[in-house]
Each structure stands twice: as structure tokens, then as C-alpha cells.
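Student: quick one, structure for this:
(chains A and B, ligands or ions: 2)
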Amino acid sequence: MTKHTKIAKSHDDVLEELADALDIPPSKFEEAKSRYDSIGAWLDRPESSLARYSPAISPQGSFLLGTVTRPLTLAEEYDVDLVCLLQGSKTAFTQKSLKEAVGNEVHLYAAARGMAKPVVEGRRCWTLTYADGAQFHMDILPAIPDAQSYRQMLTEQGHPILATSPDLAGQAIAITDRTLPQYARPTADWPLSNPQGYAAWFRSRMLIQLTERKIEFAKREHITASVDQIPDHKVKTPLQRTIQLLKRHRDCMFADDADYKPISIIITTLSAHAYNEEPSVSAALQGILRGMDRFIENRDGQSWVANPVNPAENFADKWADEPKKEENFRRWLEQARRDFGTYLRSSPFNSIPSPLRENLGSDLVNRTLQAVLPAAAVLATPAVARPAEADQTRRAEAAIEQIQRDGPQSKPWTRS
Amino acid sequence: MDQIVGRSGTLLTLDQVRAAVSFDQPNLIAESDGKRIRLEGTYLVFEKGVVAAPDGPITSFEISMELSERYPRQEPRVFETGERIPRVAERHINPNGDCCVTVWENWLVEVNDHTLSSYLNGPMNEYFLGQFWYEKTGKWPFGERSHGLKGLEEAYADALGISNNAESLRYHLRLLSHDWPKGHWLCPCKSGKLLRHCHRDDLAAMHAKVPPPVARRMLSRLKADGRL
Ligand SMILES: [Zn+2]
Ligand SMILES: [Zn+2]
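Tutor: Ligands and ions are numbered 1, 2, ... in the order given. Predicted coordinates:
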């Protein structure tokens, strides 16, 4: 994303700039990428104990989806979620031996790079922390390919079409969990995960706009390459922009209650469901905020946000035991509707009402507005914007003509 | 019939109202007393299909709105509370601020989407845009109905796609009130033939557009208004 400071002329211009401002900066993105590429190269070096398993490191989660948002404060870090995939099998490894094989090499890597902070073992991951100032850490998830078990699971659960999809099921993986009783035992019973399948589903929800934006990008940058040769992360769709804005709004709203905030995977999944390839951020926000809660299923009284590539997995599984989490989700959704609605529907584009300003972070909003608006245009907020009278009349006339063309739905009468 | 009047068992919930209102009309606040949902605040008028305009809405009106949980089987009531609209009959408003947005059954027949969103962005937007236009020009941009019973008859005849004749309208509606138009009734075209030997297909098409519950409601409303 090249930095193009232009003058904003619409709500959408402002929203795009805000989303861009809370995205990971391109330099930070490249830095994170070169660090995980370097881990990948280390694991795959000739002397590596893992070399014969052709280890590969790839991002998952928001880095893969293009929905990363900046941490709220400088003290917090970007969470870079990575899969470390070995071409191994459940006969060659137990979960424990896989975890440890990867752990060994990660420790060697940290030592070779003189990284002062310890490598930390989590339930499923290894966490590599960089020096202060790098502002990110890597969660490395040891895994082996296991599309077969995943497909079998989906078939048994009654999803034969999903099971046979190469994109949605073909790249599923088996992962480790040190809290499981069979962790150290040779067994075929491993936890399964499917970050690539989820990403493929997510991408399919915005494919038209992804292509559109790549075409625009190619034009703008005078690139003659075909659209499929442009990497996804060079552009952002309205869906990705909207998710970034919503996650930021959530972060600010629950700054003091972070343990109970709505989780990103729920916001991301429901947004992608409700998204209908709207071509602008404003229309995407409208479609998503109006409709996202319709995709929360009720399964025998339990709220269910299904993993689209594994419907038996409930992203909202914590809600049953901690009703506060569901209440917070619904409270957040209502607040987000009002905040974005108040800006988009009742305010001029150069005036961001204070609830939205606070819930996106006043500093970020002020800095962004100053960059994209001429100084005089940053206005105080009236309760409802009032355009000049001549303007109103001209707009009303055009609006009437449009309705007359499409066929009006109603005629006033008088009840007796 | 389900899609035209809503599934008879489903009730409108406060969550559904908020989903329809909180973003599109953020200055309307929804509250429920268990039976009825009330919306109160400022209604924003926009161009059709526009999410945001650089200068904000075209205009706005103070309103309150009453929604039955049986919406859309039951018509919502809209009141203009800012007294911006003079309480005179030619403004299509009653002395208590009750806005005659449109003839409800006509909208049910003419439009497929009966969600609250569709109503807020369709007839309500047209009504208040029309009020604004009337303030400026003294004209109704989308036409208007006659007052009272006469307006109902016009709207129902339009919905059926027949010419407006009181007797013929009622005869059609009686036919349409049955689950299936009776072939042994006389054809409404007055040919003297039985329906099954005359305009049977036309009636079947009309029946698909105006299902029996709506036809019955039109008839009973005509009767009630006729008695006044
Ligand atoms: Zn982490
Ligand atoms: Zn006939």
C-alpha cells in the first residue's frame, strides 16, 4: 500500500483512510514477513534436524486474511500467528515429539540470532519474542498435513460436499495439544485445524471486490501483469476494511474489559457471511452491521457461530458458560451500528461524532482527519447535519426523479 | 401467502427492529413494552439506496412510530411529533400527527420485501421526501390518494390491476377471498359466463398476487370505512 495523501471528499474516503491508519504499516508488515521467512529458512537449512520433512512456515489468522489491526497501545504487540508444517506423519511423530522437534530448532534459531527473550512453550504453540521495539511476537504452531482425517470427520458429520472441496478441506492439518492425555502416545487421534481452508472461504466471500481492487491497483501502479499475479496483500477489499474498523471499535470499547471482549474470529466470520460484495466501505458497514447477527445460529438453545469449514466447531463455545461474553457481543454490535450509523447517516463526511471518535481512538481519528482534510473543514458536530437550503432542494429533486424512474412504492392518502 | 404477510407464527422482536433501525436511522431509539415496540426520535430522509451523502441527509423529521409485534400483518403507525407538518387534510396527516404514509395493503401487494428495513427506506422515505417537496412546491411528487374510502378503493383497484369501480372491486375481492377462486361463480367481466369458462387464468394470476388473507383484509377495511 503506497501512501497517497489525498484530500477526502466523502465518508468513504475518510473511512478508507482510517482503516489504512489502523492497518499494520507496510514497513512493519515487511519486517514481520522477513522475520518469519528467516525462521522458515532456518528450519529448512541443510543441517536442520527437520530438513527431511521440508518444513514450511506460513501465516494464519489475521495476517493471512489481511485484517490485522494495530495494537491499541505501543506497549502491546502484533500477534503473528504462523503454521510450521512438516511433511511428516502420525507414524513418524507423536504430538509430543513433533512439538519438541520444532521446539528444538526454534530454540537453536533464537540462540543463533542472539535473541535475549526466552522461547515460551504454549499449549499448542511456541512463542518467539523479539527485542523491545520490534512490537511483535510469533506464535509458531507445529503441524503435519492431515486432509484425510479432516475429510473423514466432515463426512461423518454430514458435510460431504465440504469434505471433497480441495480449497476448503484439502489443506487441513493435524496439530498438537500438550493438555491431551494422548499427547505423548503414538495415536491417530490428533486435534485438527484448517486455517488455509478458512482463509479460502473468507477469500471466496470477497472475490469480486478483490479482483476489482487488483485491477484498480494495476492501473494506478501501471502494472501490466495479470490480476492473479498481484499478491492479495497489495490491496484491501471493503470487507477487510470493515473488519479492521470493527475490530478497532471493539478494542476501544472493551479497553478496560479485554478478557470479555467479542473475539476477532467471531467478528470476522459473521462479517464475511453478511458481506455481499458491496463496493464501498460504507455500504459494507451497512450490510454487515444490519445483518451479521442473523448468522448466529441457535442449536438446541445454544448460540452457535459455526466455523464455515468445520460446522461442528462453535467459535462462540465460551458463551454458554460465560453469558457476559454473549451480552458483550450484542452490546458491542448495537453500539457499532449507532456509532457508524450516526457518522454515515446523520453527519457530514468531515465531522466524526464523538462516540465514534472515541471508539476508534481520538488520536488516530484526529491525526487521520488532519491529514486528509483542509484545516478549515474539520467541523464541530451538529446533532443532524443541515445542508444549505438550495442544495437540499436540488438533492430532493434528483432523489424524486430517481424514485419516479424506479417506480414509487407508495402514495399518501388520508385515513377517515 | 407466507411471504406476503409474514409467517403467522413469527413475531417481530426488538433485536430485529434494532438491526433494521440502529444503523440506518441512528437517531431513532427503539423500546419495547412487551407488546408494542416504539421508535422515537429523528427520521432521516435520503436518496434511495444511498448509504451516506457527503453533506448528510436531505432533511429530517421528528417522529414516533408504533410497531405491533405482529408486523407486517399489522400496519405500523407513524406520527410526526415536531409539528413541522401543518395538521390539515391536504398534507395527509391527521390532527394528532398520525401520518397517512400509504394504503398498507397496497404496499403489501406491490412490493415483495416487507421487512421493516424495506418500509423505512421505501414508503416512509417517500412520504417524508414528499412532505419536504410539498413544503417547497405545494405538489406531491408521487401523486396522492383521495381521502378515506375513495382512496382505499383506488389503492385496492390499483393493487388488483382493475379499473376502479366500487361494485366490481368488491366482487373481485370476494372471489379472491377464497382459497381458490370458485369456477362456478360468474366471471367479474360481466360476460354472463362462469368464471371457469371465461377469465379463469386472469383471476388465477390475480389470486397469486393478492392472496386470500390480504383480499379478506381489504374487504373488511372497505366495509368498516363504508359504515363511517
Ligand atoms: Zn501471541
Ligand atoms: Zn370474463
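Student: for B:Phe61, helix, strand, or coil?
Tutor: Of the three states, B:Phe61 takes strand under DSSP: H, G, I helix; E, B strand; the rest coil.
Student: show residues contacting stretch A:149-165.
Tutor: A:168-169, A:172, A:174, A:188, A:190, A:192, A:194, A:197, A:309-312 (Cβ atoms under 8 Å, 6 or more residues apart in numbering or on different chains). The way it works is simple: take the backbone N, C-alpha and C, and place the C-beta from them, glycine included.
Student: 7 Å instead?
Tutor: A:Leu168, A:Ala169, A:Ala172, A:Ala174, A:Leu192, A:Asn194, A:Val309, A:Pro311, A:Ala312 (Cβ atoms under 7 Å, 6 or more residues apart in numbering or on different chains).
Student: residue contacts, the fourth one?
Tutor: For A:Ala174, the residues meeting the contact criterion (Cβ under 7 Å, 6+ apart) are A:Lys90, A:Ala143, A:Ile144, A:Asp146, A:Ser149, A:Trp190, A:Leu192.
Student: of the residues you listed, which belong to helices?
Tutor: A:Ser149 (DSSP state H).
Student: thinking again about what came up before, which members of the contacts of stretch A:149-165 are the farthest-apart pair?
Tutor: A:Ala174 and A:Pro311 (19.3 Å; Cβ to Cβ).
Student: contacts only, for A:Arg294.
Tutor: So A:Arg294 contacts nothing (Cβ under 7 Å, 6+ apart).
Student: domain parsing for chain B?
Tutor: Following automatic domain parsing, one finds the domains of chain B at B:14-137, B:148-227.
Student: end to end on the first one, go ahead and measure it.
Tutor: By that I understand domain B:14-137. 38 Å (Cα to Cα, to the nearest Å).
Student: is it positioned near chain A?
Tutor: Yes: Domain B:14-137 comes into contact with chain A (Cβ under 7 Å from any Cβ of the partner chain), by way of B:18-19, B:22-24, B:26-27, B:42, B:44, B:47-48, B:51-52, B:54-60, B:89, B:92, B:94, B:98, B:100-103, B:107, B:110-111, B:122-123, B:126-127, B:129-130, B:132-133, B:136.
Student: return the members of those residues classed as buried.
Tutor: Neighbour-count burial (16 or more other Cβ atoms under 10 Å in any protein chain shown) applied to the residues of domain B:14-137 next to chain A gives B:18-19, B:22-24, B:26-27, B:42, B:44, B:47-48, B:51-52, B:55-60, B:92, B:94, B:98, B:100-103, B:107, B:110-111, B:122-123, B:126-127, B:129-130, B:132-133.
Student: show me where chain B has its helices.
Tutor: B:2-5, B:14-21, B:104-110, B:116-121, B:123-137, B:148-160, B:166-176, B:200-209, B:212-227.
Student: now do the stretch 151-300 of chain A
Tutor: Under the criterion DSSP state H, counting those that start in this stretch, the stretch 151-300 of chain A contains helices at A:160-164, A:166-169, A:195-204, A:207-220, A:238-253, A:264-274, A:281-291.
Student: okay if I get those helices as TSV plus mean neighbour count and distance to ligand 1?
Tutor: Listed next are the helices of the stretch 151-300 of chain A as TSV, based on neighbours: other Cβ atoms under 10 Å in any protein chain shown; distance: least, Cβ to the ion, whole Å:
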stretch	mean neighbour count	distance to ligand 1
helix A:160-164	14	29
helix A:166-169	18	26
helix A:195-204	21	15
helix A:207-220	16	27
helix A:238-253	25	15
helix A:264-274	22	12
helix A:281-291	24	27
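Student: same list (these) but as JSON lines, adding mean pLDDT.
Tutor: Shown next, in JSON lines, are these (pLDDT from 0 to 100):
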{"stretch": "helix A:160-164", "mean pLDDT": "96"}
{"stretch": "helix A:166-169", "mean pLDDT": "96"}
{"stretch": "helix A:195-204", "mean pLDDT": "98"}
{"stretch": "helix A:207-220", "mean pLDDT": "95"}
{"stretch": "helix A:238-253", "mean pLDDT": "98"}
{"stretch": "helix A:264-274", "mean pLDDT": "98"}
{"stretch": "helix A:281-291", "mean pLDDT": "97"}
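Student: hang on, A:Lys236 packs against A:Val68?
Tutor: No: applying Cβ atoms under 7 Å, one finds A:Lys236 not in contact with A:Val68, separated by 10.6 Å.
Student: contact partners of stretch B:155-169?
Tutor: A:413, B:103, B:105-106, B:109-110, B:145, B:153-154, B:172, B:188, B:206, B:210, B:218.
Student: per-residue confidence for residue 111?
Tutor: The chain I'm using is chain A. Looking at A:Ala111, its pLDDT stands at 95.
Student: sorry, should have said chain B
Tutor: B:Val111 is given a pLDDT of 94.
Student: any idea how far ligand 2 is from it?
Tutor: From B:Val111 over to ligand 2 the distance is 28 Å, taken as Cβ to the ion, to the nearest Å.
Student: that residue touches A:Gln409, doesn't it?
Tutor: Yes: in this structure B:Val111 lies within contact range of A:Gln409 using Cβ under 7 Å: 5.4 Å.
Student: show me what from chain A comes close to ligand 1.
Tutor: A:Asp79, A:Asp139 (Cβ under 5 Å from the ion).
Student: where is the longest strand in chain A?
Tutor: Using DSSP state E, we find that the single longest strand of chain A is strand A:136-145.
Student: packing partners of that one?
Tutor: Judged by 3 or more Cβ pairs under 7 Å, 6 or more residues apart in numbering or on different chains; DSSP states H and E, strand A:136-145 is in contact with strand A:78-85, helix A:95-112, strand A:126-129, strand A:173-175.
Student: can you list contacts of it?
Tutor: Outside strand A:136-145, the residues touching it (Cβ under 7 Å, 6+ apart) are A:32, A:36, A:77-89, A:93, A:98-99, A:102, A:106, A:124-130, A:173-176.
Student: so how far is A:Arg345 from the closest residue to chain A within chain B?
Tutor: Distances between chain B and chain A by Cβ to the nearest Cβ are smallest at B:Gly56, namely 2.6 Å. As judged by Cβ to Cβ, to the nearest Å, B:Gly56 and A:Arg345 stand 8 Å apart.
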